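Participant: Dropping the sequence and predicted coords here.
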Amino acid sequence: MSESNIGNYFEDFSVGQVFEHSLSKTIFESDNNLFSLLTMNYHPVHTNADYASKQQHGQILVVGTLVFSLVVGMTVPDISGKAIANLDYEKIEHLAPTFIGDTLYARTKVLDVRPSKSKNDRGIVYVETVGYNQKGEDVIRFRRHVLIKRKGE
């Protein structure tokens, strides 16, 4: 089996580099319902239109971890396609609500790059990703360290 050509090698990243990810996703009611069922998050603000209509935002809120998962997925072709592992996720901030029918987009900024101290065939890339909606409003922000293969290794 040949290696996937998705993603970038460690050497392809530089501090300050920004990726405007090409993937996007409109969130449908079925997406939110399925994710709620799969993750056992049955809070009525995510699954009950009548209940949600009487709450702060007046409509169903998309589950925050679905927003997080989708935005992480949007970054794979650019950030983690050649990853050995995502080492951590930190400072996950839900900045604004996401609703059924919103379309998500993402951009990632490289904050740091450093070779691995223990193995010379890889390096660690530290990034911050922001997910935003069709109105350009930032809805989620998080940072992570990604362990990425070096070229030719």
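Facilitator: All right, it came through fine.
Participant: Need phi/psi at the most centrally placed residue in the chain.
Facilitator: Taking Cα atoms, centre = their mean as the criterion, Val72 is the residue nearest the geometric centre of the chain, at 2.1 Å. As for Val72, its main-chain torsions (degrees, to the nearest 10) stand at phi -60, psi -50.
Participant: Check the gap between it and Met40 for me.
Facilitator: Using Cβ to Cβ, to the nearest Å, one gets 20 Å for the distance from Val72 to Met40. Where C-beta positions appear, they are placed from N, C-alpha and C, glycine not excepted.
Participant: ok so, going back, now do the same contact list for the residue nearest to the centre of the chain.
Facilitator: Listed by Cβ atoms under 8 Å, 6 or more residues apart in numbering, the contact partners of Val72 are Thr129.
Participant: pLDDT averaged over stretch 23-41, what's the number?
Facilitator: When the per-residue pLDDT values of stretch 23-41 are averaged, the result is 97.
Participant: Restricting to C-alpha, output it in CSV.
Facilitator: Once non-C-alpha atoms are left out, stretch 23-41 reads as follows in CSV (Å, rounded to 0.1, in the frame of the first residue of the first chain):
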residue,chain,number,x,y,z
LEU,A,23,-13.2,22.2,3.0
SER,A,24,-16.5,23.6,4.4
LYS,A,25,-19.7,22.2,5.8
THR,A,26,-23.3,23.3,6.1
ILE,A,27,-24.8,21.8,9.2
PHE,A,28,-28.1,20.0,8.7
GLU,A,29,-30.6,19.0,11.3
SER,A,30,-29.8,15.4,10.5
ASP,A,31,-26.1,16.0,11.3
ASN,A,32,-26.9,17.4,14.7
ASN,A,33,-29.5,14.7,15.5
LEU,A,34,-27.1,11.9,14.5
PHE,A,35,-24.2,13.4,16.5
SER,A,36,-26.4,13.8,19.5
LEU,A,37,-27.5,10.2,19.3
LEU,A,38,-24.0,8.8,18.7
THR,A,39,-22.5,10.8,21.6
MET,A,40,-25.5,10.3,24.0
ASN,A,41,-25.9,14.1,24.3
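Participant: contacting residues around that stretch?
Facilitator: Contacts to stretch 23-41, defined as Cβ under 8 Å, 6+ apart, come from residues 42, 46-47, 60, 62-63, 65-67, 69-70, 73-74, 77, 98-106.
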